[in-house]
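Participant: Below is the structure, and that's it, no one-letter string:
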């Protein structure tokens, strides 16, 4: 995701879902002290507009994202008192100065991207202080990722999507029959105390243009596709999505549809005894 301007204009679905979750967990978030890091803060608008106002007024928030372009955009457009941004790869080696520095880790619509999800959670564990809490929400299954895999088998696009499997969410890629149970097991193996863990079906209504804009804004392959093939590629990708059973036409007259997907939500604690 290297197109922050496009993402900000098209991110109505994640904004709605993040707002639902942080409002649900607002009693817990209101108890956070000192420092919070938001993993996958992207363009920074959700961190600034939705998360920051629900935290106590003396809490310092750090937005972290793997993309330098996103961090640059966030620093320019969504900086605020008590809110700063850093480049951080949650799947990589944690800098020593970040380990054990946070009372809270949040992450919304990010953790379906790491290929090694367990390692990403191990890093979240490292970032937290003992008794620190983590609130995460990410996609467990979405038809978009299935469409990536299908279109990667098309000879016309296979060269540009050789690593398509790298971008399929962990539990979707593993074809887990019980994503919630598998997530609980992963978190417990790392050492977290689980305060909440759920899998939820959700849906979002798009019109034709908003759907296309969103798919472009989160597409990890679009910059690899030659310019003269981009429109054709997007047409075929959207066709692959709509050919799946998870999309429901809403109104042919208005070219609208409802798209279903599954979210995983976890609220966890790093035990006092953990180092």
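Facilitator: Okay, I see it. This structure is a prediction, so every number in the text was calculated from the model and none was measured.
Participant: make it CA atoms for all contacts and neighbour counts henceforth
Facilitator: OK.
Participant: quick one: low-confidence parts of the stretch 101-250 of the chain?
Facilitator: 245-250 (pLDDT under 70).
Participant: Tell me which stretches of it form strands.
Facilitator: Assignment of strands within the stretch 101-250 of the chain using DSSP state E, counting those that start in this stretch yields the ranges 102-108, 128-142, 193-207, 247-251.
Participant: Packed most tightly, which of these would that be?
Facilitator: By mean neighbour count, with neighbours taken as mean count of other Cα atoms under 10 Å, strand 102-108 ranks first of those at a mean of 24.
Participant: which other residues reach that strand?
Facilitator: Strand 102-108 is contacted from outside by 18, 32-41, 124, 127-129, 131-138, using Cα atoms under 8 Å, 6 or more residues apart in numbering.
Participant: related to what we said a few turns ago, so can I have TSV of the strands of the stretch 101-250 of the chain showing distance to residue 13?
Facilitator: Shown next, in TSV, are the strands of the stretch 101-250 of the chain (distance: least, Cα to Cα, whole Å):
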stretch	distance to residue 13
strand 102-108	12
strand 128-142	12
strand 193-207	7
strand 247-251	15
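Participant: so which of those strands comes closest to residue 221?
Facilitator: strand 128-142 (16.7 Å; Cα to Cα).
Participant: Next, the angle from that closest one to strand 193-207.
Facilitator: 40 degrees (axes from the mean of the first three to the mean of the last three Cα atoms, to 10 degrees).
Participant: helices or strands up against strand 128-142?
Facilitator: Secondary-structure packing of strand 128-142 (3 or more Cα pairs under 8 Å, 6 or more residues apart in numbering; DSSP states H and E): strand 102-108, helix 170-173, strand 256-269.
Participant: Return the most buried member of the ones you listed.
Facilitator: strand 102-108 (a mean of 24).
Participant: how many degrees apart are that one and strand 128-142 in direction?
Facilitator: Using the same axes, to 10 degrees: strand 102-108 against strand 128-142 is 10 degrees.
Participant: what's the closest non-adjacent residue to residue 10?
Facilitator: In this structure, residue 10 finds its nearest non-sequential neighbour in residue 214, 4.9 Å apart by Cα to Cα, 6 or more residues apart in numbering.
Participant: can you check residue 172 too?
Facilitator: residue 141 (5.5 Å).
Participant: contacting residues around that neighbour?
Facilitator: Counting by Cα under 8 Å, 6+ apart, residue 141 has contacts 169, 171, 172, 261, 262, 263.
Participant: and which of the residues you listed is nearest residue 269?
Facilitator: Among the contacts of residue 141, and counting by Cα to Cα, the member closest to residue 269 is residue 263, at 20.0 Å.
Participant: In this structure the closest one contacts residue 136, no?
Facilitator: No: Residue 263 lies out of contact with residue 136 (Cα atoms under 8 Å); the separation is 10.2 Å.
Participant: ok so, going back, contacting residues around the residue nearest to residue 10?
Facilitator: 7, 10, 11.
Participant: Also residue 266?
Facilitator: Taking Cα under 8 Å, 6+ apart as the test, what residue 266 contacts is 134, 135, 136, 137, 194, 195, 196, 197, 198.
Participant: change it to 7 Å
Facilitator: 135, 136, 137, 196, 197, 198 (Cα atoms under 7 Å, 6 or more residues apart in numbering).
Participant: Which strand residues bridge it?
Facilitator: For residue 266, the residues forming beta bridges with it (DSSP bridges) are residue 136, residue 197.
Participant: Many thanks, I have nothing further to ask.
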